[in-house]
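> What follows is a predicted structure for the sequence shown.
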Amino acid sequence: MRKDQIFVLLLVLLLPMTGCFGDVVGDAQADDDDDDDVDWINDVGTSATTWTLNLTSSQWLEVKSAAGLYERFQGNQSSVITQTGMAIQEDNGWELTSESYSPIFGGTYTMCVFFVEDDCYNSDPDGDWQLSQWSIIYRIHPV
């Protein structure tokens, strides 16, 4: 009977304290996940506009989607519209595609429709195709 009384006394003392510490683990995890505070941006354009983004050294880039529609011209001036994935290229050579993160803080980024021998093309020098529309979905994270 003595052991039961000690157990009940401990329960009476400890039960009120169960709420004193709160959800400490949950709060710590929530503080680490700041992605919900950063809004997605959807920039769209046509062949007449080129996408460029300048970031400071206290920012980094996440790309959700980078795609474009290009028109391929055929012999009798008919055309075929095709969707293509695009790359986002940083001035120093870093490249991002859809569902990727920048490996650096800061930088100047531009869109790239096609790579040919390590060169980026947003228009065809031969005139066989033309970018008609593009869309880049991204967000900028603070460091």
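Okay, I see it.
> next helix or strand past the lowest-mean-pLDDT helix or strand in the chain?
The helix or strand of the chain with the poorest confidence is helix 24-32; it has a mean of 48 (mean pLDDT, DSSP states H and E). Elements were assigned by DSSP states H and E; along the chain past helix 24-32, the next helix or strand is strand 41-46.
> Which strands and helices lie in contact with that next one?
The helices and strands touching strand 41-46, judged by 3 or more CB pairs under 8 Å, 6 or more residues apart in numbering; DSSP states H and E, are strand 129-142. Every C-beta, even on glycine, is put in place using the N, C-alpha and C of the backbone.
> Number of residues surrounding the closest residue to residue 39 other than its chain neighbours?
Leaving aside its sequence neighbours, residue 39 sits nearest to residue 139 (CB to CB, 6 or more residues apart in numbering; 6.5 Å). Per other CB atoms under 10 Å, the neighbour tally for residue 139 reads 14.
> list the contacts for residue 139?
Listed by CB atoms under 8 Å, 6 or more residues apart in numbering, the contact partners of residue 139 are 38, 39, 40, 41, 61, 62, 64.
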